[in-house]
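K.L.:
okay, sequence plus prediction incoming.
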Amino acid sequence: MYTSQSMLILTLLLLLTAALYYHTIDLQQRQIVREMEATSVDLKSSSVEHVVSTSLSPTFNKVLNDASLKVANEGFFSSPEDVVNYLERNTEDHIRSYLDNVSRYYSNQGYNFTYSFDITNITMADGFTFKIDYVFSYNLSYRDGTINKTDSIESSQYVTVKTVLDAYHYRKPTYIMPIHIYNPNNENLTDFQVKIILDESNFDFSIDPDGTGLKFIDENNNYIPYWIEYWRDSRAIIWIKIPELEANQIITVYLISTYPRLSESNGNLVFELFDDFEYNRSIGIKWNNLYGDWKFYNFGNNYLLYNPLYNRQVIGCENAPPVARIISINNISLKNYIIEVVAKGNNTYYIKKKVWWWWEEYPYPAPNIMIGYLADPHWYTTLHPDAFYTFDLGGRYKNDGYALTTDYMRDLYWLDEVKRKRRRTKVENFEGVMICKEYPSSKIHNYREKIEGTNAVLPEKNKWYIIKILITEKEVDGSTVKEVKGTYTPLEDYILYNYENPWLITKTIEEPYGNHFLLGTSWGDHDLDGNQEVYFDNFRVRKYAPQEPYVSVTGNMIRIYPLIYISPPRAYGTYYGEGTNPNPYFVEDPSGEHPSIVDMLAGRDKREWKYGYSIKLIGFYLPEK
């Protein structure tokens with residue numbers, strides 16, 4: 001039986017079709033395998049990139065904490081640059097170790113993985129966030145290398161600090177000393193200024209020789225602002241602001257010393273109004289200049305309060321016109337308060353004094369210092385609108401007419417020996433202490449009436465005094481009045497011996513004008529040969545209580561090793577461990593003076609690393625009792 005030719009051809013065609021079909025299936029299968037292998041390479045490369053991006057933040061935090069532990073155990077790094085090098089090198093090593101593990105794992109699966117990872121820069125974005133710039137290059141291939149992926153990634157990652165040991169305060173010699181404060185008044189005192197005196201009997205000045213390491217906290221670890229008035233020759237006067245002093249109760253605050261450190265002395269945070277005239281910004285910021293050429297002066301060690309850290313300069317008016325004044329821009333709303341200011345005045349004037357039936361000239365002895373208060377800078381719309389009361393150490397007055405006149409705001413003149421309607425009018429001199437009332441009466445004239453005065457004590461020129469004025473509000477016959485008391489004390493007595501003169505003068509004022517303040521001269525002569533100068537320092541307004549709180553400095557200083565942690569700002573009251581006191585916390589320092597995290601690891605007391613952001617500690621570590 002023979003097969004036909006057509007049947008043979010058909011059979012051959014079927015076999016050929018089957019062969020082609022199976023060959024196509026094999027090609028598609030190999031293509032799918034290739035595509036799966038390529039997809040696997042892509043997935044694995046994405047995984048590698050993910051390993052780098054996700055591990056950088058926890059790795060850097062771990063290295064940062066390792067650096068803090070290294071400081072706590074071994075000491076500070078030699079410089080901020082050494083800190084950055086440590087962070088960079090160890091972070092790179094950890095990331096490379098992760099990538100080496102990945103390389104070994106991929107190799108077991110038939111993949112070849114090579115890479116390079118380098119951190120190119122470390123900076124900061126804020127006080128608690130680092131910016132890490134890095135380059136990650138790699139090649140990932142499968143088996144014979146025909147499928148591979150190569151990439152080079154230049155990227156940055158922001159790393160926020162989690163919780164890192166504050167090795168700076170742990171490593172620095174830190175001491176704590178309790179101070180007891182008693183409020184003898186029958187009323188609570190809120191945000192009240194309290195004076196603390198340190199001397200060799202209650203403080204070891206070898207621990208903190210210049211006061212830069214000081215900090216104050218209350219029993220709940222709350223930060224207490226302070227201002228150093230004097231620190232010199234193993235004696236210090238410090239003012240702190242207590243949030244709450246309950247009536248007839250004792251509280252304890254704690255002096256902390258971590259020396260050396262950047263001082264946080266700041267009178268602006270302590271007093272109701274304050275100016276220590278240290279920053280050449282007083283005029284136009286805190287005071288308006290009315291008359292005279294006011295400048296800043298440095299007396300060096302010839303000035304008792306001089307301190308290169310806290311008190312370098314004073315404000316003054318040399319070659320002052322007969323009327324020189326500045327007036328405060330801000331005012332206060334307190335009913336009862338104390339004004340204090342350090343001042344000195346000098347002059348070369350001579351005045352005539354009648355001896356028997358002839359006149360003799362003698363040097364004018366008073367310092368001519370004026371402190372103005374209860375002032376309204378806009379009491380009357382004239383060329384010299386301010387109206388106020390004064391406390392004068394020597395000065396001039398006139399109770400039967402105008403005392404001053406203006407030449408249209410260029411100057412204010414005393415009306416002295418001026419002929420008016422065939423009679424002579426004279427502005428009187430007074431060498432003692434007086435309270436005057438000055439106010440404008442027209443567009444060009446001012447009254448200046450002496451409403452109280454005493455010659456029982458005579459202030460001296462060219463001598464530094466601390467002047468103190470008390471203003472209290474009272475009800476008299478249904479009307480609200482102000483009672484004013486004033487005194488002055490030689491600065492040396494106040495600073496070195498803690499002595500203040502009693503009140504020297506008292507006056508009830510029924511018509512106060514406002515709540516601004518003035519500093520200036522109270523005397524002058526346009527015709528006499530000679531000149532005058534006046535200087536002021538450490539102006540402050542503080543709250544008043546019938547009895548000043550009693551302060552007991554224990555002198556019991558104990559070395560501590562504070563366990564404090566650095567983390568981003570959070571609500572106060574966070575606890576670490578089992579203690580009963582909330583942990584202190586850090587905040588950014590907008591002044592840029594305090595050290596950054598990197599600077600702290602190098603033991604620096606202020607910011608040096610140019611890429612760093614300053615942070616400062618709020619509160620402190622209070623050891624458990």
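P.N.:
Sure, I can see it. Residues are numbered from 1 along each chain as shown.
K.L.:
drop to CA atoms for contacts and neighbour counts, all remaining ones
P.N.:
Will do.
K.L.:
so which bits of stretch 164-184 are buried?
P.N.:
If you call a residue buried by 16 or more other C-alpha atoms under 10 Å, then stretch 164-184 has these buried ones: 164-179, 181-184.
K.L.:
in strands, which of those residues fall?
P.N.:
Those of the buried residues of stretch 164-184 mapping onto strands are 164-165, 174-179, 181-182, per DSSP state E.
K.L.:
okay, now the unreliable bits of the stretch 351-500 of the chain?
P.N.:
353-359, 379-385, 407-410, 416-425 (pLDDT under 70).
K.L.:
ok, now with 90
P.N.:
The stretch 351-500 of the chain contains residues with pLDDT under 90 at 351-364, 376-386, 400-429, 440-446, 456-457, 475-479.
K.L.:
quick one: the strands in it?
P.N.:
Ranges of strands within the stretch 351-500 of the chain are 358-363, 369-376, 387-397, 404-406, 412-414, 418-420, 423-425, 428-440, 445-454, 465-476, 479-490, based on DSSP state E, counting those that start in this stretch.
K.L.:
now the fifth one, how far from the centre of its chain.
P.N.:
Which is strand 412-414. Distance, stretch centre to chain centre, for strand 412-414: 41 Å (C-alpha atoms, centre = their mean, to the nearest Å).
K.L.:
reduced to three states, what does His50 come out as?
P.N.:
Following DSSP: H, G, I helix; E, B strand; the rest coil, His50 is assigned to helix.
K.L.:
so it versus Thr59, what's the distance?
P.N.:
To Thr59, His50 is 14 Å away according to C-alpha to C-alpha, to the nearest Å.
K.L.:
looking at these two, which one has more neighbours?
P.N.:
Neighbours per residue (other C-alpha atoms under 10 Å) separate His50 from Thr59, with Thr59 holding more: 19 against 12.
K.L.:
in three-state terms, label the more buried one for me.
P.N.:
Using three-state DSSP, the secondary structure recorded for Thr59 is helix.
K.L.:
which residues does it contact?
P.N.:
Neighbouring residues of Thr59 by C-alpha atoms under 8 Å, 6 or more residues apart in numbering: 91, 94-95.
K.L.:
ok, those vs Leu374, which is closest?
P.N.:
Taking C-alpha to C-alpha as the measure, Leu374 sits nearest to Thr91 out of the contacts of Thr59, at 63.6 Å.
K.L.:
can you pull the pLDDT of the closest one?
P.N.:
Listed pLDDT for Thr91 reads 96.
K.L.:
who are the packing partners of the strand or helix carrying it?
P.N.:
Using DSSP states H and E, Thr91 maps to helix 80-108. Packed against helix 80-108 by the contact rule (3 or more C-alpha pairs under 8 Å, 6 or more residues apart in numbering; DSSP states H and E) you find helix 5-74, strand 111-126, helix 597-601.
K.L.:
chain center to the second one: distance?
P.N.:
Taking C-alpha atoms, centre = their mean, one finds the center of strand 111-126 at 38 Å from the center of the full chain.
K.L.:
strand partners (parallel or antiparallel) of it?
P.N.:
strand 129-142 (antiparallel) (DSSP bridges).
K.L.:
and the angle for the partner strand with helix 80-108?
P.N.:
In terms of direction (axes from the mean of the first three to the mean of the last three C-alpha atoms, to 10 degrees), strand 129-142 departs from helix 80-108 by 30 degrees.
K.L.:
can you list the buried residues in the helix holding Thr91?
P.N.:
Under 16+ other C-alpha under 10 Å, the buried positions of helix 80-108 are 80, 83-84, 86-88, 90-92, 94-96, 99, 102-103, 106.
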